[in-house]
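Novice: Kindly return the folded structure for what I paste below:
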Amino acid sequence: MERQAVSRPKEWSVFDFIKWNRVKLDAAPGTLVYAGAKRDFTPYVATFAYGPDDLAEQRPESPEAIVLEEGRVNLLVAVGIHQPEFVKGIGARLSIPPLFLEDVLNTGQRAQFVWADDDTGFIVMKHLMVNGGILSTEQVSLFWRENMVAVFLERESDLLGGVLARIRKGKGRIRRSDAAYLMVAILDALVDQHMLALARFSEAAQALESRLGADVSSDFLGDLYELKREIILLRNTLLPDREIFKSLQADDAEVPAAVQPFLEDVVGHSEQAMEGAVSLHDILKSMIDYQISLFGIRTNKTMQLLTVIATIFIPLTFIAGLYGMNFRYMPELEWRYGYFIVLGVMAVIGVGMLWFFNRKKML
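Specialist: Okay, here's the model as predicted:
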């Protein structure tokens, strides 16, 4: 995959979370303040209540109109978190503590898993996308309890497309399983996006690796650095996921035994993505070191060639300087063939030194 020359926006920073946290300066804990990219669409919530044989899909006009059906698994997908009152309304309807709603609104929140209360788990992870060789992230917040999973997305995306398609078709395991399985299915969709991002960067790295040695230029070195920067962001985004899955696999996480094998499968894929990101970072670092070494080798060869040339001309310059002195009485000045003899001596010296340097592999 050829990597396009795309640069990040000028306002981009590795420490975006600091930029968003500045929005909340002097705000009391639990204050609902949106800290994220500007959005201009109207947020909405879609609900899916399903069992093995039926599905009720609705789009309530307001958070207050949300209805959780007993005896069914309820999936709520809130699209748009840029209006705090909208998120607050959903939180009030689902009895979610304000401290966790605050994290939902903070798009710079680190990936985490905690218990929001005695029976509600709260998960924050990142949806990864690669566009033009640039990694972008969007926050996905997930609340999970016995018969409900609520997902908060920054904007509309196809992240849950596969999960919703399986729910609507009514085929497979998802309609026969509980909310814990639904939660794991959503985490699996997120990890699949992580693997896809890793695959795209791996293809970019392979394309650059094929140019190693053939393209020794500052532009190519810049391409390597830009890709390494994206890999660092990918690695740092994925590493906190390990803590999430470790907590989910703990005995007190209350994940049913029937769902554990599927969770372990997701954990395996997540670990593979994390290890791949770390390995890719090391490979890019080695490629940059190799490229810098090639720069040094070529510079050294150039300096070596110039040194050989200068060394050859030292005795020739001495001879030319000797016979260029304007003294009246010099023994060789009256020789009939003196000029040709001196030229011959200079030629022999030059050729002899070239042969010597070539034998010593200095050329």
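Novice: Quickly note the distance from T137 to E69.
Specialist: 33 Å (C-beta to C-beta, to the nearest Å). The way it works is simple: take the backbone N, C-alpha and C, and place the C-beta from them, glycine included.
Novice: Over to F48?
Specialist: F48 is 10 Å from E69, by C-beta to C-beta.
Novice: out of T137 and E69, which sits in the busier spot?
Specialist: Set T137 next to E69 and count neighbours by other C-beta atoms under 10 Å: T137 wins out with 18 against 14.
Novice: what's the spacing between V191 and E230?
Specialist: V191 is 19 Å from E230, by C-beta to C-beta.
Novice: So between the two, which is more surrounded?
Specialist: Using other C-beta under 10 Å as the criterion, V191 and E230 rank with V191 on top: 24 against 21.
Novice: For the protein, which segments count as strands?
Specialist: Using DSSP state E, the strands of the chain run over residues 44-50, 55-58, 73-79, 112-115, 121-131, 134-145, 148-153.
Novice: Nearest approach to H281 belongs to which of those strands?
Specialist: strand 134-145 (12.8 Å; C-beta to C-beta).
Novice: Give the buried residues for the closest one.
Specialist: Neighbour counts over strand 134-145 (16 or more other C-beta atoms under 10 Å) mark I134, L135, S136, T137, E138, Q139, V140, S141, L142, F143, W144, R145 as buried.
Novice: which helices and strands does that strand pack with?
Specialist: helix 98-105, strand 121-131, strand 148-153, helix 179-209, helix 218-238 (3 or more C-beta pairs under 8 Å, 6 or more residues apart in numbering; DSSP states H and E).
Novice: who touches the closest residue to G91 other than its chain neighbours in this structure?
Specialist: Nearest non-adjacent residue to G91, counting by C-beta to C-beta, 6 or more residues apart in numbering: L101, 4.4 Å away. Counting by C-beta atoms under 8 Å, 6 or more residues apart in numbering, L101 touches L32, V87, K88, G91.
Novice: repeat that for 6 Å
Specialist: Shown in contact with L101 (C-beta atoms under 6 Å, 6 or more residues apart in numbering): L32, V87, G91.
Novice: Considering the residues you listed, which is situated nearest to A207?
Specialist: Using C-beta to C-beta, these come closest to A207 at V87, 41.9 Å.
Novice: Now for that closest one, how many residues are close by?
Specialist: 24.
Novice: is it true that it touches A78?
Specialist: No. V87 is not in contact with A78 according to C-beta atoms under 6 Å; the separation is 7.2 Å.
Novice: And the pLDDT for the residue nearest to G91?
Specialist: Turning to L101, the model gives it a pLDDT of 93.
Novice: swap in the one 3 residues further on?
Specialist: The predicted structure scores V104 at 93 on the pLDDT scale.
Novice: Can you tell me the closest non-neighbouring residue to L182?
Specialist: V149 (4.9 Å).
Novice: what sits opposite that neighbour in the beta ladder?
Specialist: L75, W144 (DSSP bridges).
Novice: separation between it and P43?
Specialist: V149 is 18 Å from P43, by C-beta to C-beta.
Novice: between those two, who's got more neighbours?
Specialist: V149 (26 against 20).
Novice: and for stretch 169-186, what are the contacting residues?
Specialist: Looking at what lies outside stretch 169-186 - C-beta under 6 Å, 6+ apart - the contacts are 50, 52, 73, 144, 147-149, 163, 166-167, 255-256, 259, 262-263, 266.
Novice: State the distance spanning the first to the last residue of stretch 322-329.
Specialist: Its start and end residues considered, stretch 322-329 measures 13 Å (C-alpha to C-alpha, to the nearest Å).
Novice: hmm, I was thinking of stretch 102-112
Specialist: Span of stretch 102-112 from end to end, C-alpha to C-alpha: 14 Å.
Novice: Show the low-confidence segments of this protein, by residue range.
Specialist: Within the chain, the stretches with pLDDT under 70 are 1-28, 30, 363.
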